[in-house]
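Enquirer: quick one: sequence and predicted model below, then my questions.
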Number of protein chains: 2
Amino acid sequence: MKLLEERIKKDGQVRPGEILKVDSFLNHQMDIAFIGELGKEFKRLFADRPVNKIVTIEASGIGIACIAAQYFDNCPVVFAKKTKSLNLDGGQYTAKVHSYTKGITYDVILSKKFLGPEDRVLIIDDFLANGCAVKGLIEIIEAAGATLEGVGIVIEKGFQKGGKELRESGVNLHSLAIVDEMTDDSLTFRDEE
Amino acid sequence: MKLLEERIKKDGQVRPGEILKVDSFLNHQMDIAFIGELGKEFKRLFADRPVNKIVTIEASGIGIACIAAQYFDNCPVVFAKKTKSLNLDGGQYTAKVHSYTKGITYDVILSKKFLGPEDRVLIIDDFLANGCAVKGLIEIIEAAGATLEGVGIVIEKGFQKGGKELRESGVNLHSLAIVDEMTDDSLTFRDEE
């Protein structure tokens, strides 16, 4: 998505450890009109899928998912919660997710009340790198007997393995921008599909 | 707001420890069209204020703030982040917030890049009880030299002290629903302003 690539080039900052900071418009301060454009693009990419629920993960996925849901007939958004303290009461689906950037493994939980076999799910998140968060959400969707219609990512780090693995396993993944190479003074994006 | 009070009566669940669960439509699964109505009501209540930024706190405030921002000329949303590990680099405003429900004190951080004297801020959050989170955000807004235009809360627990203290200190606080009494089988709402 050209609009996004241009914005990343303009406002993104590359930091040591292959970190791409986009906190001025996406995941700390949020440019609401711009995120509306991302939402419209997700709808264009997944227009052929009968999505009736959007699933994301706290915290930075939530706002993007909520804005995007407006373009999917205002379907409900369910956000999985991260927790380090496992207080399960049997009423929750759970998956383990390892964060490479933070060096910790946490449990991701989602109430069984809000996901079931009738749900046709689009996962939305801000970043895809190793894919651990998305794989955790897919585990939960499978445990619920729901149907995964697709995965929509704002920025994929194409030089990490998550996107490749998900596509190879048959997941209908679309990333609005894929960064294939990243240095202090240049960003190379993959050509659009 | 009648629509909200009716929804809380229909779908809210009272749990021991004065907990009101509204996770089926507000803070785990999110009813996007309904939250749009909340956003419109925030705009009606704060229409006389020149809001140019919405500040909230992760995680459950984010989606509500993003939807609401669309009714405030798509102003940017900045969400403060909760962290237990204090890794400050001098580039962040910080405040300590105590969570009574979780029994922990955490640091709330917000990058200095995204809040300054030119900002006229509306704080939005899902719940107000003791008011610790809102007071933490106000501290940050004051440290930034920004102007606090108001605080918009979806559900206030009127039997806890946060709302009273904030109003007494002159804060322009509007809560869309104020629960004054809560038992297993009844909810009493304060009359609307």
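Expert: Looks like it arrived, so ask away.
Enquirer: and stretch A:14-34, how far apart are its ends?
Expert: 21 Å (Cα to Cα, to the nearest Å).
Enquirer: can you give the distance from it to the centre of its chain?
Expert: Taking Cα atoms, centre = their mean, to the nearest Å, one finds stretch A:14-34 lying 14 Å from the centre of the chain it belongs to.
Enquirer: swap in stretch A:35-47?
Expert: Relative to its chain's centre, stretch A:35-47 lies at 13 Å (Cα atoms, centre = their mean).
Enquirer: buried sites along that stretch?
Expert: A:Ile35, A:Gly36, A:Glu37, A:Leu38, A:Gly39, A:Glu41, A:Phe42, A:Lys43, A:Leu45, A:Phe46 (16 or more other Cβ atoms under 10 Å in any protein chain shown). Quick note: C-beta positions are derived from backbone N, CA and C, even for glycine.
Enquirer: looks like the fourth one contacts A:Val154 (just checking).
Expert: Yes. The pair formed by A:Leu38 and A:Val154 meets the contact definition of Cβ atoms under 8 Å, at 6.1 Å.
Enquirer: tell me the residues of chain A that contact chain B?
Expert: A:23-24, A:28-33, A:35-36, A:58-59, A:62-63, A:65-67, A:69-70, A:74-79, A:81, A:110-111, A:113-114 (Cβ under 8 Å from any Cβ of the partner chain).
Enquirer: now, which of these lie within helices?
Expert: A:Ile32, A:Ala33, A:Ile35, A:Gly36, A:Ile62, A:Gly63, A:Ala65, A:Cys66, A:Ile67, A:Ala69 (DSSP state H).
Enquirer: for the residue with the shortest distance to the centre of chain A, give the beta-bridge partners.
Expert: By Cα atoms, centre = their mean, chain A has its centre lying nearest to A:Asp125, at 1.7 Å. For A:Asp125, the beta-bridge partners under DSSP bridges are A:Ile153.
Enquirer: right, and it touches A:Gly61 too?
Expert: Yes. With contact defined as Cβ under 8 Å, A:Asp125 and A:Gly61 form a contacting pair (4.4 Å).
Enquirer: shared neighbours, A:Leu38 and A:Val154?
Expert: A:Leu4, A:Ile64, A:Leu176 (Cβ atoms under 8 Å, 6 or more residues apart in numbering or on different chains).
Enquirer: name the SS class of the first one, please.
Expert: The assignment at A:Leu4 comes out as helix when based on DSSP: H, G, I helix; E, B strand; the rest coil.
Enquirer: so how many other residues sit close to it?
Expert: Residues lying near A:Leu4 (other Cβ atoms under 10 Å in any protein chain shown) number 21.
Enquirer: cool, and the second one?
Expert: When counting by other Cβ under 10 Å, one arrives at 28 neighbours for A:Ile64.
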